[in-house]
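J.: Here is a sequence with its predicted model. Questions after.
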Amino acid sequence: MHSIDPFDWTEGLESIAIYSSEKTLIQDKKTSKYVKTNIPGPGCDMDDFETQILGCKCENRLCIETCSCIAKYGTVYDDGKILLSVIDGKNMVPIIECNTQCTCTADCQNRLIQNGISFKMEVFRSETKGLGLRTIESIDPGSFVCEYAGEILSFEEAKQRTKRQTEHDMNYVIVVKEHHRTGVMETYVDPSCRGNIGRYINHSCSPNLSMVPVRVNSMVPKLCLFAVKEIPSLTELTFDYGHASSTTNSGSVGPPTSSKQCMCGAHDCRGYLPYERLLYE
């Protein structure tokens, strides 16, 4: 059994370790237990976690457009990247990857985010926003960077956790709203106590990442962050907490008394961090 690297923010759970140039930062600032993907939290619907999505029966090692996991909504990946038309909202469709019940192999073109992170990144101390995450190698547009993972909560639990926060606490709860013909599906994710490296990604009103829900084995969406443009090395990674894509929306723009000033520095900065109004009522 290998010992855990005390300076690896992922606790050895990712294929690529994530460090900080300021090594003691992890000892001073890490307050959560690492998880690679979403886990059940208080009040969540366990049926969503336990109901397995049916797998394909493709005879080919690499699935094609006729694969049952792809055919309904069409191809969304090409050469190991997501199509930019999907993350810019022009062709937003549900994404279902091949899963553990499928007959295709691990290198199938419809398996991307389940392979985990593939870029070297580091946690750093920003001047105005606390901790942040930046890449230490360049990232191409459409590349999968990481999930935003944590505990899946009920609305009631998310609301109670929000109410318990003080003005000095960081709010990590993301509310994702997926619009369907039959209504709106809401998912509440909180990585504050148990979460992955995505919890260190700060908000920007002009982000370089976009959040897209992806499903693999169950109906619980994985909140996946993809590069919307070329990201040079040593660039801070950011996404818009309030307008991740055309089908996701983590909140409204302030300023209520609970809203915090946005420090993203973008030329079109909206002034306040997004928030979910219902959690504060």
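T.: Received the coordinates, thanks.

J.: Now do the contacts for residue 186.
T.: Counting by CB atoms under 8 Å, 6 or more residues apart in numbering, residue 186 touches 155, 175, 176, 177, 178. (Glycine included, C-beta is placed from N, CA and C.)

J.: Just those: which are in helices?
T.: residue 155 (DSSP state H).

J.: Only whichever of the contacts of residue 186 are buried, select them in PyMOL.
T.: Selecting the buried subset of the contacts of residue 186 in PyMOL, with 16 or more other CB atoms under 10 Å as the burial test, is done by:
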select buried, resi 175+176+177+178
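
J.: Using a markdown table, lay out the contacts of residue 186 together with distance to residue 6 and pLDDT.
T.: Output for the contacts of residue 186, formatted as a markdown table (distance: CB to CB, whole Å; pLDDT from 0 to 100):
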| residue | distance to residue 6 | pLDDT |
| --- | --- | --- |
| 155 | 37 | 93 |
| 175 | 34 | 91 |
| 176 | 33 | 90 |
| 177 | 39 | 88 |
| 178 | 39 | 88 |
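
J.: Next step: the contacts of residue 186 restricted to strands.
T.: 175, 176, 177, 178 (DSSP state E).

J.: Starting from residue 25, give me the distance back to residue 124.
T.: 8 Å (CB to CB, to the nearest Å).

J.: Identify the contacts common to these two.
T.: Common neighbours of residue 124 and residue 25 (CB under 8 Å, 6+ apart) are residue 131.

J.: got any ranges where the stretch 51-200 of the chain has weak pLDDT?
T.: 90 (pLDDT under 70).

J.: Do you have the helices of it handy? List them.
T.: Remark: helices assigned in the stretch 51-200 of the chain by DSSP state H, counting those that start in this stretch are 68-71, 84-87, 155-164.
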